[in-house]
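Enquirer: One predicted model, sequence on top.
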Amino acid sequence: MAISIKNKLGLTSKILIGMGTGIALGLLLRNAFPESDIVKDYITEGFLHVIGTIFISSLKMLVVPLVFISLVCGTCSLSEPSKLGRLGAKPSPSIYSPLLLLSWLRLSVQSLFILGTLHWLQRKWSTSPKKRQVFQA
């Protein structure tokens, strides 16, 4: 009796191979045809743009109803309605903690940069005499 071992790739391996292939193809096209209008118009902004738009739209059509149906079925399958509050309270810290941290980080970085310039550099080295008086006061 012979034992057959099939060497199958997992989903993660297939995704990583696809990402690597895409990066390699992109680098190859960019380096082989640096300023080619044909590659830009027909491949990147034509064929690949259409395929990418179809892929993202199909993901949206699949994921949103799937999440909604799973939430509705999970809520309806509860035997006691009092468990619903406890069920919603458990994941709340893991959802809101990163949200608050990233919001704080974004506001901190945004306070440094205003429309692409450093706010403190603009205040410190102002060239206008009017602005200089306002900032020195």
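Expert: Nice, thanks for sending it over.

Enquirer: Just give the number of residues close to V39.
Expert: 16 (other C-beta atoms under 10 Å). Using the backbone N, CA and C atoms, a C-beta is placed for each residue, glycine as well.

Enquirer: That one: what's its closest spatial neighbour, skipping adjacent residues?
Expert: F33 (4.5 Å; C-beta to C-beta, 6 or more residues apart in numbering).

Enquirer: do L84 as well
Expert: The spatially closest residue to L84, leaving aside those adjacent along the chain, is L78, at 5.9 Å (C-beta to C-beta, 6+ apart).

Enquirer: now for the protein, which residue lies nearest the mean position of the chain?
Expert: I56 (12.5 Å; C-alpha atoms, centre = their mean).

Enquirer: quick one: low-confidence parts of the chain?
Expert: The chain contains residues with pLDDT under 70 at 1-6, 87-88, 114-137.

Enquirer: and if we set it to 80?
Expert: 1-7, 44, 75, 77-93, 110-137 (pLDDT under 80).
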